[in-house]
Structure formats: structure tokens, C-alpha cells
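I would like the atomic coordinates for the input below:
(chains A, B, C and D)
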Number of protein chains: 2
Amino acid sequence: MAMAKVTMRDVAKYAGVSVATVSNVLNHNDHKTTEATRNKVFSAVKKLNYRMDMTARTLSKGKSNLIGIFMPQVYENNIPGTILKENPYYSEIISGIEYSARMLGYDILIACIGSAEQAIELTHKRMLDGIAILGGYEEDFWDKVYTLEVPIVTIDSYDHERKDVINVGIDDEFGAYLATKHLLSLGHTNIAIGAAMLDYSPVNQQRYKGFVSALTQEGIDIKNCPVIEEEVSIKGGINIGYRLIKDHKDVTAIFIVADIMAYGVIKTLHQFGKNVPDDISIIGFDDLSFSNYTIPALTTVRQDIYTKGVETSKLLIGCIEGNVEIPNSLVLPVSVVIRETTKQRKK
Amino acid sequence: MAMAKVTMRDVAKYAGVSVATVSNVLNHNDHKTTEATRNKVFSAVKKLNYRMDMTARTLSKGKSNLIGIFMPQVYENNIPGTILKENPYYSEIISGIEYSARMLGYDILIACIGSAEQAIELTHKRMLDGIAILGGYEEDFWDKVYTLEVPIVTIDSYDHERKDVINVGIDDEFGAYLATKHLLSLGHTNIAIGAAMLDYSPVNQQRYKGFVSALTQEGIDIKNCPVIEEEVSIKGGINIGYRLIKDHKDVTAIFIVADIMAYGVIKTLHQFGKNVPDDISIIGFDDLSFSNYTIPALTTVRQDIYTKGVETSKLLIGCIEGNVEIPNSLVLPVSVVIRETTKQRKK
DNA sequence: CTGAAAGCGCTTACAG
DNA sequence: CTGAAAGCGCTTACAG
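Reported below is the predicted structural model:
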């Protein structure tokens, strides 16, 4: 029943040429073949329904046309989860990477990793041509990963000392600055920040920095601007909501460093009978697709997440294929999109 | 700079044994080696930091330890999106598949596919050991895909005539039946269904069937129970909301076949000043992680999506490795989780 | 322009 | 128990 695999040998035999010639035709080394030969080969390919075995090709060429997408393995109550499941941000990026890579002739291997070693292991054993790394990691993670000799694109990383590591990101500080400016422009002065992982997430450090710089620029005393730190998840946002209500009654506006957290804040405030934006204004960061549909609709800092993914593939593959003119980093634009969760401060 | 690749040859030489022996040690064919030999090999492996090249192994064994996850490529306003981006349901499943596969020694290749041919192409060219197929497809898609000679696990499919295709799913009809029963138990009689793709999605046909059967069992006239069909997305839900308000003023409760759509319905009703659940009760289906956090929190039919993914890997890999006792399908439980969007009908 | 041959890094009978 | 050799399906100098 199981049909024997059709190989280049079969095609060669059928077309009456050598295996080398079939290879040359299929790899479009057109200067090495005549059109007549090509036609014979192509029709044999069609006739026999031949499909190139990438495994053999990879072994032989040392190039797999496979790209790895790595993201952190997270645990939630000891249950293995993935960033993928927790935060739609990653799904959107992966969508972009996958689509763009496919268009450029590359396939995608995804893996959640718990250590740099796992990333290294995988890229060696699958002979990955390049890797995209999502998410935040400890510092020595990067040191180790950067020993890899394939092109790497990081996303939202601020740890790229190595010259040939490309980063795709946004100006996080500026985005946070804009968000805070927006709240200030509405007359708020007691502004909190809902932050996360300030100890070791450079992205969030940047966002915090932008928050502070907008505040100080306006002469606001930081003392009145509490930092409420929780994890990046809806649950983290829920907790921020509690703490806001319990400990920071004078706060009238809050900037949250991630939309996914803002969802939780809105939920908690609603549960406690607080009106958003009448009692408290909220501005998020990311503009996830759902943010337009929360109740009330979330005012936030927009970044084009899908495009981030698309550009990641383009840069990574450009680098793999040795294109020149590959920049060391790409910074995509941010902007404030005003919806319903922010409002002029009550007198 | 670039260090030469460490191969089995190097390990063999260093350990003073043959390549075949190294292979035997590494593949745990312990009955073919002595412990002394094994120790020599292992320490050489460690010393040289050897990593097995899966590409070579795949070519040689005809087995890749790679699993493909395929899902439909969708377009939204002509922009390529993916199911991944549109519906968190898929992210959750993929999380489960990836985690479980990794634990079992398999890596994951993901691809959005536009046709059966693409799926076939990919599984051949990457020598995938098995594939998991998510999402709905036209009928001839399945006919073609089933010509593949690798194990296949479908998720939520009702098109598995082939004996060796395993399906992981739930009792969609029963879930919908329970949902509708819940609405009926609250005194509602004018109940609508927010449906999708009833023409060609068996899952949704099943859910529709459960809806109808609960209704007729209770002696309700289907005439009063409109079917409002839109696409599976928040936007689809938004449209259902509009149509509900415009065309179905007497409806007091609605069962929506997907949480993601329910989010849109809640949003629209809210925008038009309708109170959920006072004016209209809503029950969804899926219990996405976010459903606990909508305002109001969504009453829905729960299924364990992550577990679906985990089981998918277990079955697929079990099948790949020739375990016996692999069932032809796995049906996971559903249950109604009552939150805030459903309420006793007003007199 | 075309083909024979070596090689990519493994595994697997087969002999010893 | 161990090793030499052939083979997996390609690519790539090299000769012709």
C-alpha cells in the first residue's frame, strides 16, 4: 500500500538525465542546464509527483530553511503554560513571523524554552538557519544564546551588545511618555503606574522611565505617583486594581504597562463600583486586538504587533541570506489611541 | 572562529570506539554495549559538547521526531491573518500540544495552510512523523489530507471516516444542549442562537443541533428562536449584537457558539444601553481564559482547551510510536459555568 | 551542458 | 560486545 518514496533518482531515471542535473534544474541553476533538459525534468517531477526531501537537502547543504521561534516557558500554579496562552501579544507576533517567513520560503519551528541551553540545543540539532527570540530573560541567558553562530532577531530586547544580533522593537520610553502626557493633559496629577518586572525587564524599565520623565517634565512630584508592580497577566491587573482601591485612594489616573493587565484593572474597579473613566482614568500599552472591545474601550499606546512579526522574519531571513543593508535594529512607531477609559479629571 | 561541528566521528575517535558504537550508546541500545564503553562515550560526549544532528538522524532513520500543527490561513480585509491571531482558542490548544510534545521528545513545526496540498507538501518535505490539524475545512480537504500515510490527529473534526485518524473533541451537541437548558431553566422562551458557518462547520452544526433539541424537548416553538449567523470573531459578535437589537426585540436570551463572538455581543448590547443580563441573557461556548474577566463575567460552556492540546500530543505520539490501545477518538467533558451574563427572565 | 563520485552525519544489518 | 560498510536523499566541486 505504502508507496515507495519518489526520489531524485526516480525523477532522473524517468527524465533520462542524471541526479545532478535534476538537482541543478530544481535549484534553478539555469545557467547549467538547457531549457529542453529543464522541461524534461519538470514534467518528470509532475508526472511522478516528486517532492524534495528537505531533510536530505539540509544535511547536504548545511541549511535547513527552518527558523526557530523561542519564547519563555512559564508556569502558573505549577501548571506549565506558555506565554502563548497567557498573552495574545505573542500570538499576534507569531502570526506575523509565520506568515512572512512562509512567503520567503522558510518554515517555522516553535518552542517554549526554560533555559538558554535548550535554545542552543534546538538550533543545533535542527540545524536552524536563524532564530527569533520573544520575551524577557535573565542576563546570562543572552550571554549564552549569543554564542550561537546563526542570525538572531530579538524582539523588544535591550540586551543586544552583539553586533550581529538584530532587534525589532519600539521606543518603549517614548510610548510611556506619550501615555503619561495624555493623562497629564487631562488634568491628572495623582497618576499611578501599573508596572511589572521592574527589576529585570528592560522594556518595563524603559516604560517606567518614560512615565517618570513626563511627570517630572510637568513638575509633578513623583511622591504622589505610586508604582504598583504585579505580573504581566490579567491576574496581575486584578491585583493592581485591588491595591489601587485599598492603598491609593487619591490616584485619579493610572498608566498600565500592558493591555492585558489593564483588562484586569478595569475588571476589579468595576467590581468595586468604581467608574472608569469617571473615577479613574486608565491608559494601557500594546493595543491588543481586544482592547477596542473592552467595556469601556481601552485607551492605550498602540504598536503594530503583527508588523513586528512580519519585520522580524524579513530581517532574520535577510540576514540568513546575507543581504547587505540589514540594520542592527528596527524601531517601529507608537502612538496614543484615545478611546473610552481616559477622561478629564474631575474638579 | 566558527568551530567545526562536532560529529559522532569525533566522539568515536575521542572515546576510542567506532561510530556505530557511539550510535548504539546514544540510542540506548544498552544490550549492545558494556557499561565501560558507555561511560567512555558519555564522557567524550560531555567533553566535546557533542549534540546529535537530528537532520542526519532523520534522513537515516526515516523518522524526524517532528510534529506539524496545521491551521487555516485566514484573511481579514485582504490582510493575511491567522487563526492564531484571531482566536485565543487556538493559542491555548497549541500551548498544550507544544508542551506535551516536548515532554515526549518531539519538536513542533507550525504552519498556516491554504490548501490540503500545502499540508501534504510540508509533511513530506520535512518528513513529519505526524500532524495535528486544527480548524474547519471544506470536505475535499479531508479527502486529500487523508491520503497522507502518517498518523493524524484532528481536533473538533467530525469528518474522520478513516480508521487511523484520531479525533480529539468534545460533545458539541451536548454542550449546546446544556447551554440552552440553562437558559430555559431561567424561564426564557424567546431564545436566539448566535451561530457561525452552519453550512460547512460540523462543530457548529452540532451545537445548533443541541440548541434545537433542548428547545423542542421543552416544547418551545423554534419559530421564536432566531438563528443569527456571523463569522467566528469579535466582529462577528458585534454584528450579532446589532441584529439582535434591530430585528429581534422579543428575544430575551441568546446562546452564542463561541466565547470570542460573545465578547462582541456584550460590547454591542452595552453600547446600545441594553443591560446584560437584565435585558438579555448571554451564554457562550469555550470558556476562554478571558471569559472570567469580561464585564459582566461570561456564563459559558466550559471545555478544557489546554488539555485538548495535551491529549492531542499524547495520542499522536502514541500512534507514531505504535502503541496499541490508542482510541479512535477522545471526547473530553463539557460543563456549564454560570457567571454573570445569565439571569432569570423578567416577568 | 551533463554526469560520476564524494560527502553531509547519522543508523543498521552483518561479520567477526 | 564491537566495527566496517552500505545507505538515507540530497548538493557540489570536478572532469569531460
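
other SSEs contacting the helix or strand hosting A:A132?
Element membership for A:A132, per DSSP states H and E: strand A:130-133. Applying 3 or more CB pairs under 8 Å, 6 or more residues apart in numbering or on different chains; DSSP states H and E, one finds that strand A:130-133 contacts strand A:66-76, helix A:116-125, strand A:152-155, helix A:305-320. Using the backbone N, CA and C atoms, a C-beta is placed for each residue, glycine as well.

mind checking the SS state of A:I283?
Under DSSP: H, G, I helix; E, B strand; the rest coil, the three-state class of A:I283 is strand.

count of neighbours near it?
Neighbour count for A:I283, taken as other CB atoms under 10 Å in any protein chain shown: 30.

what's near enough to touch the nearest residue to A:V212 once chain neighbours are set aside?
Closest residue in space to A:V212, ignoring its immediate chain neighbours: A:I222 at 6.5 Å, by CB to CB, 6 or more residues apart in numbering or on different chains. Counting by CB atoms under 8 Å, 6 or more residues apart in numbering or on different chains, A:I222 touches A:212, A:215-216.

again, but for A:T312
A:T312 makes contact with A:93, A:96-97, A:100, A:132, A:153, A:155, A:168, according to CB under 8 Å, 6+ apart.

which one of the residues you listed sits closest to DNA strand D?
For the contacts of A:T312, the residue nearest DNA strand D by CB to the nearest atom of the strand is A:S100; the value is 23.2 Å.

thinking again about what came up before, the contacts of A:I222 into TSV, with extra columns for pLDDT and secondary structure?
TSV is the format used below for the contacts of A:I222 (pLDDT from 0 to 100; DSSP: H, G, I helix; E, B strand; the rest coil):
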residue	pLDDT	secondary structure
A:V212	97	helix
A:L215	97	helix
A:T216	96	helix
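
With adjacent residues omitted, what lies nearest to the spatially most central residue of chain A?
By CA atoms, centre = their mean, the mean C-alpha position of chain A lies nearest to A:I93, the distance being 4.4 Å. Nearest residue to A:I93, sequence neighbours excluded (CB to CB, 6+ apart): A:G309, at 4.2 Å.

From DNA strand C, how far out is that neighbour?
According to CB to the nearest atom of the strand, to the nearest Å, A:G309 and DNA strand C sit 32 Å apart.

That residue and A:S100 touch, don't they?
Yes. Counting by CB atoms under 8 Å, A:S100 is a contact partner of A:G309 at 6.8 Å.

For the two, indicate the residue with more neighbours.
A:G309 (28 against 22).

Report the contact partners of that one.
So A:G309 contacts A:92-100 (CB under 8 Å, 6+ apart).

can you do 10 Å?
A:69, A:90-101, A:132, A:134, A:155, A:168, B:85 (CB atoms under 10 Å, 6 or more residues apart in numbering or on different chains).

Next to chain B, which bits of the stretch 151-300 of chain A? Give me the list.
A:233-235, A:237-238, A:260, A:263-264, A:266-271, A:276, A:289-290, A:292-297 (CB under 10 Å from any CB of the partner chain).

Would you mind listing which of the residues you listed are buried?
Among these, those buried by neighbour count (16 or more other CB atoms under 10 Å in any protein chain shown) are A:233-235, A:237-238, A:260, A:263-264, A:266-270, A:276, A:289-290, A:292-297.
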